[in-house]
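curious how this folds, go ahead:
(one chain, ligands or ions: 1)
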Amino acid sequence: MNSRKCFEDFNLTEAVLRAIRDEGYRQPTDIQRAAIPEILSGKDVMATAQTGTGKTAAFCLPMLDMLQRRKGNGLRALVLTPTRELALQVETSFRTYGRHLPLRTTVVLGGVSTNVQVSALRNRPDILVATPGRLLDLIRQKHARLDEIEILVLDEADRMLDMGFIHDVRAIVSGIPAARQTLLFSATLSPEIAGLASDMLKNPVYVATTPPASVAVKVDQKVLFVDQADKGSLLVDILQRSDVQRALVFTRTKHRADRLMRHLSRNGISADAIHSNKTQNGRQRSLAAFDKGRITVLVATDIMARGIDVEGISHVINYELPNDAENYVHRVGRTARAGAAGIALSFCDASEISMLRGIEKLIKYELPAVEGHAFHSTTAAALRKQVPGASGRPVQWRSFGPRGGFGRRPGRLGR
Ligand code: AMP
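Residues are numbered from 1 along each chain as shown. Have a look, this model is predicted:
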């Protein structure tokens with residue numbers, strides 16, 4: 001780690017600094033402090049950083065600076081991302097941070113017509129952000145050429161491996177000149193990621209700012225024991241609390257997400273659901289409505305968790321615990337972004353105790369239990385206590401409503 005305290009210390013081009021000022025960023029985040037100088041010096045970088053740490057700017061800012069200084073013509077930078085949502089966010093970041101530069105960015109992703117993407121590629125953008133499958137199709141149809149790429153970024157590389165994109169990624173990378181700079185970002189550092197890095201990076205500098213699988217300290221995490229049949233009522237109760245500004249609710253299945261959304265709507269709460277069965281345009285519409293505050297609650301499945309970068313999510317609610325403990329970290333990472341505070345509530349029924357234990361083992365933290373809610377399940381709470389090492393010490397909410405539920409009822413949300 002180095003001692004750089006402000007963006008000016010990186011010697012970034014003035015147009016980039018101006019965009020950073022426009023965004024109101026005062027100081028670089030840890031990952032930015034560590035990665036930006038290494039990237040600017042031309043080295044390959046392998047970084048472990050989670051979303052919410054400012055990792056996108058950590059690669060966008062130096063890339064824009066370098067591409068601008070070197071000049072050049074044609075497609076010179078490629079960013080591969082696992083999900084369409086992330087691709088769109090990264091594209092937006094390049095446009096935002098590059099708004100005072102003449103560089104052009106475009107995005108290609110699946111789920112939408114190729115025509116617009118093909119004509120955007122004909123306009124010879126400088127930077128391309130892409131999901132692997134669609135890009136490979138376009139390369140095979142000779143609509144995209146990567147022989148002038150100078151900088152390659154593999155963003156959320158662990159997720160790309162999880163989602164089975166490794167063959168597509170390898171096929172794409174095989175067409176990129178070996179004399180390039182490669183940056184690999186991953187939330188976790190597994191042997192598979194290390195293998196990928198050793199195949200694709202040259203003498204990389206390792207940058208790790210957040211320990212893998214940690215939750216931002218500003219997230220207030222709690223578990224609520226509740227029977228499966230009462231989860232819907234508990235959720236409505238919580239969402240009607242006046243301090244819920246914007247809530248992201250997670251389910252394990254798409255079907256449950258849709259059912260839950262209908263349940264919330266029936267109870268006067270404006271909600272939408274986002275999952276992989278929806279069209280890309282449908283997902284973008286839901287995200288935009290959530291971002292603009294037209295809906296208060298978004299119900300999502302895990303596959304969507306990493307792609308959601310909406311500011312001001314006050315609550316992440318795990319209606320169902322994730323099967324894979326790491327997804328807990330990604331879900332909870334949607335709140336308390338860029339230093340803000342956030343609340344993460346996990347509903348746990350009797351069948352989910354082992355998932356809870358898996359999560360607590362991973363994050364090395366025993367989630368405090370809230371027992372003062374109207375739908376507390378003594379069965380589930382007792383089961384947890386049977387698990388060796390779990391104290392399950394309860395905490396109380398600040399105030400309680402007429403039914404002993406989540407009180408302070410004024411200002412029902414989402415009407
Ligand atoms: P990311 O980890 O790239 O998903 O970024 C998370 C959020 O942090 C985004 O909404 C960025 O706009 C914001 N962000 C990035 N860098 C900074 C910074 N230095 N100061 C404040 N916010 C930032």
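
and stretch 260-274, what's buried?
Leu260, Met261, His263, Leu264, Asn267, Ile269, Ser270, Ala271, Asp272, Ala273, Ile274 (16 or more other C-beta atoms under 10 Å). Where C-beta positions appear, they are placed from N, C-alpha and C, glycine not excepted.

then stretch 138-145?
Leu138, Ile139, His143, Ala144.

among those, which two are most distant?
Farthest apart among the buried residues of stretch 138-145 by C-beta to C-beta are Ile139 and His143. That separation is 7.5 Å.

quick one: low-confidence parts of the stretch 251-400 of the chain?
For the stretch 251-400 of the chain, applying pLDDT under 70 flags the ranges 305-307, 336-340, 387-400.

show me where it has its strands.
Counting by DSSP state E, counting those that start in this stretch, one finds strands in the stretch 251-400 of the chain at the ranges 271-274, 297-300, 315-318, 342-348, 369-370, 394-395.

now distance to the ligand too, for the ones you listed, in CSV please.
Compiled in CSV, the strands of the stretch 251-400 of the chain are given as follows (distance: least, C-beta to the nearest ligand atom, whole Å):
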stretch, distance to the ligand
strand 271-274, 17
strand 297-300, 16
strand 315-318, 15
strand 342-348, 13
strand 369-370, 28
strand 394-395, 29
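
looking at those strands, which is nearest to Lys231?
Of those, nearest to Lys231 by C-beta to C-beta is strand 342-348, at 5.3 Å.

which secondary structure elements does that closest one contact?
strand 219-225, helix 231-239, strand 315-318, helix 325-332, helix 353-363 (3 or more C-beta pairs under 8 Å, 6 or more residues apart in numbering; DSSP states H and E).

and among those, the most buried is which?
strand 315-318 (a mean of 25; mean count of other C-beta atoms under 10 Å).

what's next to that strand, contact-wise?
With contacts defined as C-beta atoms under 8 Å, 6 or more residues apart in numbering, strand 315-318 is touched by 219, 235, 238, 244-250, 328, 331-332, 334-335, 342-347.

what residues does this structure put near the ligand?
Those residues of the chain that sit near the ligand, judged by C-beta under 6 Å from any ligand atom, are 25, 27-29, 32, 51-57, 309, 311, 337-338.

out of the helices and strands packed on strand 342-348, which is closest to Ile193?
Comparing these under C-beta to C-beta, the one sitting nearest is helix 325-332, at 12.8 Å.

touching, His373 and Arg241? I think so.
No: applying C-beta atoms under 8 Å, one finds His373 not in contact with Arg241, separated by 10.8 Å.

returning to that earlier point: which one in the residues of the chain next to the ligand is the model shakiest on?
Ranked by pLDDT, the residues of the chain next to the ligand bottom out at Ala338 (58).

could you check how far Thr81 is from Gly98?
Remark: distance between Thr81 and Gly98 (C-beta to C-beta, to the nearest Å) = 17 Å.

what about these two, which has more around it?
Using other C-beta atoms under 10 Å as the criterion, Thr81 and Gly98 rank with Thr81 on top: 30 against 24.

that one reaches Gly133, doesn't it?
No: contact criterion C-beta under 8 Å: Thr81 and Gly133 do not qualify, at 11.6 Å.

restricted to buried residues, select the contacts of strand 315-318 in ChimeraX.
Restricted to buried positions by 16+ other C-beta under 10 Å, the ChimeraX selection for the contacts of strand 315-318 reads:
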select :219,235,238,244,246,247,248,249,250,328,331,332,334,335,342,343,344,345,346,347
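
can you check which helix is longest in the chain?
helix 55-70 (DSSP state H).

in its sheet, what does whatever helix or strand comes next after it sit against?
With elements assigned by DSSP states H and E, the helix or strand that comes after helix 55-70 is strand 77-80. Strand pairing for strand 77-80, using DSSP bridges, gives strand 127-130 (parallel), strand 151-154 (parallel).

send me strand 77-80 as PDB with only the CA atoms.
Listed next in PDB are the C-alpha coordinates belonging to strand 77-80 (Å, rounded to 0.1, in the frame of the first residue of the first chain):
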ATOM      1  CA  ALA A  77      -9.300  -1.900 -24.400                       C
ATOM      2  CA  LEU A  78     -11.600  -4.800 -23.600                       C
ATOM      3  CA  VAL A  79     -13.400  -5.400 -20.300                       C
ATOM      4  CA  LEU A  80     -15.100  -8.800 -19.800                       C
END
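
so what touches it?
So strand 77-80 is contacted by 59, 63, 67, 87, 90, 126-132, 135, 146, 149-155, 160, 169, 172, 176 (C-beta under 8 Å, 6+ apart).

could you list the domains of the chain?
7-208, 219-400 (automatic domain parsing).

that'll do, ta.
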